[in-house]
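S.K.: Quick one: sequence plus predicted model below, questions after.
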Amino acid sequence: MNKKKGSNKTLTLPIRINIVFFAVFFIFAILIIQLALLQIVDGRKFAMELSRTNEVVVENSVPRGKIFDRFGKNIVDNEPVYAITYTKQQRTTNEEMLKTAKKLADIIEMDTSKVRERNIEDYWLAKYPKKAAKLLTKEELIKIDEDLLTNQLAEAYQRERIPKSEIEKIRSNELEICTIFNAFKNGYALSPQIVKNSGVTFEELSIVNEHLAELPGINTTTDWNRVYPFDKTLKSVLGKVTTTTEGLPKEKADYYRSLGYSRNDRVGKSFLELQYENILRGEKEKTINVTDKAGNIIQTQETIPGKRGKDLVLTVDVELQQAVEQIVTEELLKQKQNPKNSLLDRAFVVLMNPNTGEILTLAGKQYQINPDTKQPEINDMALGTFTTSYNMGSAVKGATVLTGYDTGAIAPRQHQYDTPLFFKGTAKPKKSWERMGDIDDLYALKRSSNVYMFLTAIAIGGGKYVENGPLDINPDAFRIMRNHYNQFGLGVRTGIDLPGEQIGYKGIVNMKEPGTLLDLAIGQFDTYTTLQLCQYISTIGNGGKRIQPHILKEIREPEANEKLGPLLTQVKPTVLNKIHNTDEQIARVQEGLRQVTQEPRGTAVGTFGSAPYKPAGKTGTAESFYDGPNKEMKMEPTMNITFASYAPNVNPEIAMSVVVPWAYQDDKGHHMNLEIAKRVYDTYFALKAQRGIQ
Amino acid sequence: MSENIDEMNVGSKIAFGQMALVFLLGTFSFMAIYSAQQASKYSDNFILKQSIFYIIGFIIAFIVMQFDSERLKKACWYLYGFGIFLLALLLIAPDSIAKPINGAKCWFRIAGISLQPSEFMKIFLIITLAHIIQQHHTKFEVRTLKTDLVLLGKLIGLTLIPIAFIMQQPDLGTSIVFIAILIGMTFISGITYRLLLPIIAIGTGLIGLIFYYVLQAPEVLEKYLGVDPYQFNRIYSWLDPYNYPSDSGYQLVRSLMAIGSGEISGKGMSGRQVFLPEAHSDFVFSIIGEEFGFIGASIVVILFFLLIYSWTRIALETKNEFNAYICVGVISMMTFHVFQNIGMTIGVLPITGIPLPFVSYGGSSLWGSMMALGLIFSIRYHHRVYMFSTRA
């Protein structure tokens, strides 16, 4: 067969086979050499790299501190809620999460009502990554690689292109798995995420616990919900806590993170819960896990037990608060029946201890028509006591008289002649509600003379009243009067320990209208909050000390049972400043305020003349302009009625401000301010007597 | 009497040495797959399936062994045609029987069994090329540059057809295996060095040039060749896996850490600490390197080397050129598989998804390798008979 060339060929073939084998040998030698380099030369390095570990801290939430009223009544409590949680590992894949979600869905009932289209899309994209990849065209894929198309946009395309039938299929068959999967996805690695915490039945909990081994990452814990034994009472002031889904508020996330919070921690979102977040937050239970470089947990090193947040004891008397809220509600509803009071929709009451600044009650109610039911309802507006401001009218006259004394514009017992004042260029006279003739300072307070205050203000401004003459005053008078008012808390922050306090609006000073100085003197130019009014009257009642109001009384260690724990901190009264007047001057005004409620012809004597608790106070009726929710009636002239008071008139124990904005439209109307005040005092002293007997 | 002799010879006709080597590789396969299964949350029982694959694989090898060279030559065109038919069918097959996996459509999936036609096509190609070379030499006893060129054209043409189909899937790794077979068999076909040397020079130059452009000026390739720049990623991530945050870079870093930290004697069975995707299939060697260390890893390399050594001996001993070509084809295929697969896990080559023969989990790959083994067995099985006949 092979003759000539055969020998040649049979020689070529073995040589080439040998060459091939030599190449094979060479290639295998490369492999062995590289293996030796990797495993023998560099082996130690890799092994050490691998043995380097990380500590990862896993935290479990603890209940927040409770909130009590001044008598130890529990206002805000925690309710244990069984929760099923999921903890992602650093390298948990979608596939693993889907698997666990599917198993979990078989065991537990999930509320699927909150699933949105987007969640279903997320689920679909995770479940069918290949189908999802196919939703993008080749050009788009290239664009992604070239950074011409952002991943977000690419994902948006994918979402748009998911067939509707697929979404519907999930909606009808796999909604529970989808809900659970989305809960898993929301979590952060190594931080337990709540999958279900409402309506977890004990059976569910037991079944899940039995199957924990098959459900990697799943755990059962106890989460906490805030409960309010007094329902809506003071609720707006108590504030809110974020949900686990909300986690840290976005705008403050960095701040909280720096304090060691996790992103899905629940924190105080508003008012008291926000203000005292650092006290109410507990110390989380910490488990330190040691992980290798790959993120696998090697061992659980130790568990630091957590501690419930500290408890707050408020200055508020919740029983009184409830009663006052009830009174305000009833009075509002009563006066709303009169069509003349159509603009009336709100009323506020602040009760505080004038010596310590302890807030006993912050009550505010608003009359609203429910947009759904069209039925009227009364809603909580307690926040309005320090976040909304109004013209307070004559109630501020105590401050005007004391300013007059201090500036030397008037002296105690000084007489002035109350008759309508006429100024050049203005047709309408500036006058009191009645012509009072020759009166002294006490009478001016008792009968609420405007003219006495006007003349005092003109004197403060260095001017002199000439009938039909120009009103010529020093422009600095506004500053002087406002500075004095500030000493009483009018127009400045009272310093209450709640966020969001407003200071009111200052009227714009225009020297072409010097008459506004006269308005300022009778509380019809600048606006003040109900809380400021209460601080002002307390300052007079306690003999001249401006006291910082506070709602926190004590901080206490958490206690396992319902009782209060050991005292940690007690809030002490803070005197912000003392007013510039002598004791006699203050006593003079105190007497004037006593006569308002206790002497014949006093403006509130009809209400308080026979009251055994002997209050002092000042009524106010301010001509004002409507600025409420009814936009059509904006700037409509209306009357604010107010009352600032303390009782008893000697060594007062309670100070009160009542503000009823836009009470009525006519010149004369109801006295809801006084009726509320009377009923509140009656309730306060009745409660006191009742407690004294106990 | 003659029957007796035949029976006696049956024993020596079976390559027990090679079988032992394959059994040892199989042992590593089971240990590594067992370990991969421990760590992952796959619900499939890979061990059980791989056992079944092995049993079927040996049956395939013994069936293939029954064919002698003459029958193979006769069957080769049918096999080649059948292989191309399967590859073509794969392209047009609906998703229900050929579901794309990771974007590549390489598999038939029927009744829970996956089949990768390209794995079998390799063997069919080897047989066909061997047949073509032998036929050519019979036809042209006097070889000239021209006849060599014709042969080269035939070999390249026959190899490019399956590659064209496989690149549609797309499956770069497997395509390169075909090229490796082509190179090995072209070399062994006896084509003169006057042709081979320029081809080798041009080939090396081209690869060098492409690498230069990939690294220095990828935009040129992109502009003139229309190559997607993301194709280069695997090269970048191979050269600098620590700074190249891509999937393949990540895999390489993990794989280096796994194998490197195995050190000399390894961490012991199931003692691995580094977890890799696809650890039971393409990255099975990283498990072996980590758990059995340098000793275990080099044993596996040596097992392959011994296997290829015994095939080389068969190639040298056989008097049948056709069989020698087959041997070299199988050697080329195996060598490339082993070099590429192990090489990528230890950073010698870029990552391409091809399995480690006899060790990686998977039916098609194993059966392809078993077919190759069967071809070699068949040479030995029918060898003595042939020797007797020539002697007589």
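M.R.: Received, thanks. Numbers count the residues shown, from 1 in each chain, chains lettered A, B, ... in the order given.

S.K.: could you check whether the host helix or strand of A:Leu104 is close to chain B?
M.R.: Using DSSP states H and E, A:Leu104 falls within helix A:94-107. Yes - for a cut-off given as CB under 8 Å from any CB of the partner chain, helix A:94-107 has contacts with chain B, namely A:96, A:99. For every residue, glycine as well, the C-beta is placed using N, CA and C.

S.K.: Pull out the buried residues from that helix.
M.R.: By 16 or more other CB atoms under 10 Å in any protein chain shown, the buried positions in helix A:94-107 come out as A:94, A:96-101, A:103-105, A:107.

S.K.: Need the max-distance pair from those.
M.R.: A:Asn94 and A:Ile107 (20.7 Å; CB to CB).

S.K.: hang on, the earlier thing: any idea which of the buried residues of helix A:94-107 is closest to chain B?
M.R.: Chain B lies nearest to A:Glu96 out of those, by CB to the nearest CB, at 6.0 Å.

S.K.: pretty sure that closest one contacts A:Phe184?
M.R.: No - in this structure A:Glu96 lies outside contact range of A:Phe184 using CB atoms under 8 Å: 9.5 Å.

S.K.: ranges for the helices of the stretch 101-250 of chain B?
M.R.: All helices of the stretch 101-250 of chain B, identified by DSSP state H, counting those that start in this stretch, fall at B:117-139, B:145-167, B:172-188, B:193-216, B:218-225, B:233-239, B:247-261.

S.K.: Adding mean pLDDT and mean neighbour count, write these out as CSV.
M.R.: Formatted as CSV, the helices of the stretch 101-250 of chain B follow (pLDDT from 0 to 100; neighbours: other CB atoms under 10 Å in any protein chain shown):
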stretch, mean pLDDT, mean neighbour count
helix B:117-139, 93, 22
helix B:145-167, 91, 16
helix B:172-188, 91, 22
helix B:193-216, 87, 12
helix B:218-225, 72, 12
helix B:233-239, 74, 19
helix B:247-261, 82, 23
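
S.K.: do you know which of those lies nearest chain A?
M.R.: Taking those one by one with CB to the nearest CB, helix B:247-261 is closest: 3.1 Å.

S.K.: Now find how far off-centre the closest one is within its chain.
M.R.: Remark: helix B:247-261 is offset 23 Å from the chain centroid, using CA atoms, centre = their mean, to the nearest Å.

S.K.: and that helix with chain A, contact?
M.R.: Yes - Helix B:247-261 lies within reach of chain A by CB under 8 Å from any CB, at B:256-257, B:259-261.

S.K.: Spell out the secondary structure type for the closest residue to chain B within the stretch 401-550 of chain A.
M.R.: Distances between the stretch 401-550 of chain A and chain B by CB to the nearest CB are smallest at A:Pro499, namely 44.1 Å. Using DSSP: H, G, I helix; E, B strand; the rest coil, the structure places A:Pro499 in coil.

S.K.: cool, and the one 10 residues further on?
M.R.: At A:Val509 the chain is in coil, as set by three-state DSSP.

S.K.: Dihedrals phi and psi, it?
M.R.: Here is the backbone geometry of A:Val509 (degrees, to the nearest 10): phi -80, psi 120.

S.K.: For it, which non-adjacent residue is spatially closest?
M.R.: In space, and not counting its chain neighbours, A:Val509 is closest to A:Phe478: 5.0 Å by CB to CB, 6 or more residues apart in numbering or on different chains.

S.K.: quick revisit: which pair of the residues of helix B:247-261 next to chain A spans the longest distance?
M.R.: Greatest spatial distance in those: B:Leu256 and B:Ser261, 9.1 Å, computed using CB to CB.

S.K.: So for those two, which residues contact both of them?
M.R.: Here B:Leu256 and B:Ser261 have A:Phe46 as joint contacts, going by CB atoms under 8 Å, 6 or more residues apart in numbering or on different chains.

S.K.: angle of the helix or strand hosting A:Ile32 against helix B:247-261?
M.R.: Assigned by DSSP H and E, A:Ile32 belongs to helix A:4-36. If you take axes from the mean of the first three to the mean of the last three CA atoms, to 10 degrees, helix A:4-36 sits at 80 degrees to helix B:247-261.

S.K.: Low-confidence stretches in the chain?
M.R.: Looking at chain A here, since you left the chain open. Scanning chain A for pLDDT under 70 picks out A:1-11, A:53-60, A:145-147, A:222, A:289, A:291-302, A:693-694.

S.K.: wrong one, I was asking about chain B
M.R.: B:1-14, B:39-44, B:99-103, B:111-112, B:225-231, B:243-248, B:383-392.

S.K.: In it, spot the helix with the most residues.
M.R.: helix B:284-317 (DSSP state H).

S.K.: what helices or strands is that helix leaning on?
M.R.: For helix B:284-317, the packing partners by 3 or more CB pairs under 8 Å, 6 or more residues apart in numbering or on different chains; DSSP states H and E come out as helix A:4-36, helix B:16-39, helix B:247-261, helix B:321-345, helix B:363-391.

S.K.: For that helix, buried residues please.
M.R.: B:284-294, B:296-305, B:307-312, B:314-315.

S.K.: Tell me where the stretch 351-500 of chain A has helices.
M.R.: Under DSSP H, counting those that start in this stretch, the stretch 351-500 of chain A gives helices at A:384-387, A:397-407, A:441-447, A:450-460, A:477-488.

S.K.: do you know how far the closest residue to B:Tyr361 other than its chain neighbours is from A:Pro216?
M.R.: Nearest residue to B:Tyr361, sequence neighbours excluded (CB to CB, 6+ apart): B:His280, at 4.5 Å. Applying CB to CB, to the nearest Å, the value for B:His280 to A:Pro216 is 19 Å.

S.K.: Just want to know which of those two has more residues nearby.
M.R.: Neighbours were counted for B:His280 and for A:Pro216 using other CB atoms under 10 Å in any protein chain shown; B:His280 has more, 26 against 16.

S.K.: that older thread, what's the closest of the buried residues of helix A:94-107 to A:Leu248?
M.R.: A:Met97 (23.2 Å).

S.K.: list the contacts for the closest one?
M.R.: A:Met97 touches A:88, A:126, A:181, A:184-185, A:217, counting by CB under 8 Å, 6+ apart.

S.K.: Filter those residues down to the ones in helices?
M.R.: Using DSSP H, the contacts of A:Met97 in helices are A:126, A:181, A:184-185.
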